[in-house]
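Participant: Pasting the sequence and the predicted model now:
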Amino acid sequence: MNEQQKCRTESPSLFSYLPDELIPAILVRLPVRSLLRFKSVCKSWHSLISDPKFGKSHYDLAAAPTHRCLTKGNDSEIESIDVDAASLHNSESCVVKLKFPLPPPRIRYWVHGPNLPSDVEFVGSCRGFVLVAYPQGDVFVWNPSTGEQRRIADDLDEMIDLYPIGFGYDRSADDYLLVLMQVIHLNFYDSYPDEVANVHTIIRLFSMKTNSWFDQEGTYAQYVDMGSADLKIAAFLNDALHWLVTSYETKLHVIIAFHLVQRNLTEIPLPQVLVTELKKKFWYSLRVIGECLSLCYPGYPGIKDSTAEIWMMKDYKVQTSWTKLFVFSTCNLPRNAIHPICFTKHGELFCSYGSGGLMIADDKGWHLLDESTKWPEPHMVFDEDRECMLPYGLYRESLLSLPNDFQQENEDDQLMISLVETSEDDK
């Protein structure tokens, strides 16, 4: 009796009359969390569900993808919330406790003793993977669904603080890329205005497939970063990473898009009504909401009648398609500010407020999911440079695995060394 037949024999009520080739066709359409449980049914199912090819097929064919939001818990715990759950108003029933990928001991103990540092940041997400940055520069690519993780070896602490960063997928090479956009730092621009003319834009990429850095060749226009920490984090959409920056030539704020397949850098205009206001500090942040680029104004801390608003670009790269979609009063929220995350499948807007409290909003008003968060913690206080610090990460559940060509190359190299050494011993 083969393993597949044994599996069917052990579960007669479900699979006694199903052809062997039909079982993968059924499994590939089930939710990720169900499949992770089904890996323990039998060896053949474990092998099938663990196969990277099955993971890719599942991602492409999933009938109802599940999106979850990561929020920081205590110590080394993190909460993963199903934003599409019917019981979202009762958030406890849709929360799963996870463990962060742990940094090396020197980082973990140096910063906060044996516990996870509380200021870990979610830098981006793509196809089920989340880019997690720890204090002192350690960066991990992590799949919260499967637990797979990989540390990017280089010390990125200074680069992450200085430059816009993004994480996305190059489908032409089946590769996940970390991108650093080395532009003019705002403080340098303010302090040394005569010297910035010689500072050129450099695009650096880290390939998860080859485990190496390389610079993208080309001459690019000059840009200045916006100064705010969350504006350094890219929005990934349509194979491109997007940032809000300032054009050095025009002195106006603009969206830049770096296409990961075509490897070119283009500009996307802001709504015309906002372009006229760019002489002032730009308080909007860039998000992908409802599969569209969106500009989100969180509300202004300390203003009694503060309101938040969302602009959405309904037709990609078409300036006239920018539409003001929502306006919310934030006068009764901590710090008078919200940060939209995504739409739920029920048409509600899932948001973060304060230092990590969660809420949902629609045309009838808003409802807090966690009323225990009254005010930001001391280290999360909103200030001029970090007024939009975001303690959350949105991701889609997936069974995908990271490419590991460099690991195979290392194994091949080790095998060759072993064969050479054996040959020398034989002599």
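Facilitator: Now that the structure is in, tell me what you want to look at. Numbers count the residues shown, from 1 in each chain.
Participant: just the helices in the stretch 151-300 of the chain please.
Facilitator: Secondary structure of the stretch 151-300 of the chain by DSSP state H, counting those that start in this stretch: the helices cover 157-162, 186-191, 272-275.
Participant: Report the buried residues of the shortest one.
Facilitator: By neighbour count with 16 or more other C-beta atoms under 10 Å, helix 272-275 contains the buried residues Leu274. C-beta: built from backbone N, CA, C; applies to glycine.
Participant: which phi and psi does Tyr59 have?
Facilitator: phi -60, psi -40 (degrees, to the nearest 10).
Participant: Quickly note the distance from it to Cys69.
Facilitator: According to C-beta to C-beta, to the nearest Å, Tyr59 and Cys69 sit 19 Å apart.
Participant: Check Lys232 too.
Facilitator: Applying C-beta to C-beta to Lys232 and Cys69 gives a distance of 21 Å.
Participant: Mind checking which of those two has more residues around it?
Facilitator: Legend: neighbour count by other C-beta atoms under 10 Å for Lys232 and Cys69, higher for Lys232 (23 against 20).
Participant: From what I see, that one and Asp225 are in contact.
Facilitator: Yes - contact criterion C-beta atoms under 8 Å: Lys232 and Asp225 qualify, at 6.5 Å.
Participant: Show me whatever sits in contact with both of the two.
Facilitator: Each of 163-164 lies in contact with both Lys232 and Asp225 under the rule C-beta atoms under 8 Å, 6 or more residues apart in numbering.
Participant: so who does the nearest residue to Arg204 once chain neighbours are set aside touch?
Facilitator: Nearest-residue entry for Arg204: Leu180, 4.3 Å, with adjacent residues in sequence omitted and distances by C-beta to C-beta, 6 or more residues apart in numbering. Contacts for Leu180 were tallied using C-beta under 8 Å, 6+ apart; they are 159, 163-165, 203-206.
Participant: Please repeat the previous calculation with a cut-off of 10 Å.
Facilitator: 156, 159-160, 162-166, 202-206, 213, 215, 232 (C-beta atoms under 10 Å, 6 or more residues apart in numbering).
Participant: And the average pLDDT for stretch 392-402 is what?
Facilitator: In this model, stretch 392-402 carries a mean pLDDT of 91.
Participant: Okay, now it: how far is its last residue from its first?
Facilitator: With C-alpha to C-alpha, to the nearest Å as the measure, stretch 392-402 spans 22 Å from end to end.
Participant: can you give me the strands in the stretch 201-350 of the chain?
Facilitator: For the stretch 201-350 of the chain, the strands defined by DSSP state E, counting those that start in this stretch cover 202-207, 212-215, 223-224, 235-237, 240-247, 253-259, 265-268, 285-289, 292-297, 307-313, 322-329, 338-343, 349-353.
Participant: can you put those in TSV and add distance to Gly147, mean pLDDT and mean neighbour count?
Facilitator: Formatted as TSV, those follow (distance: least, C-beta to C-beta, whole Å; pLDDT from 0 to 100; neighbours: other C-beta atoms under 10 Å):
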stretch	distance to Gly147	mean pLDDT	mean neighbour count
strand 202-207	22	94	18
strand 212-215	25	91	12
strand 223-224	37	91	22
strand 235-237	22	95	20
strand 240-247	26	94	23
strand 253-259	30	95	20
strand 265-268	35	96	16
strand 285-289	25	91	21
strand 292-297	31	92	23
strand 307-313	34	89	20
strand 322-329	36	86	16
strand 338-343	23	85	21
strand 349-353	25	83	24
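Participant: between these, which gets nearest to Asp82?
Facilitator: In terms of C-beta to C-beta, the element of the strands of the stretch 201-350 of the chain nearest to Asp82 is strand 349-353, at 10.6 Å.
Participant: tell me the angle that closest one makes with strand 322-329.
Facilitator: Interaxial angle of strand 349-353 relative to strand 322-329 (axes from the mean of the first three to the mean of the last three C-alpha atoms, to 10 degrees): 60 degrees.
Participant: quick one: strand 349-353 to strand 338-343, angle?
Facilitator: Using the same axes, to 10 degrees, strand 349-353 lies at 150 degrees relative to strand 338-343.
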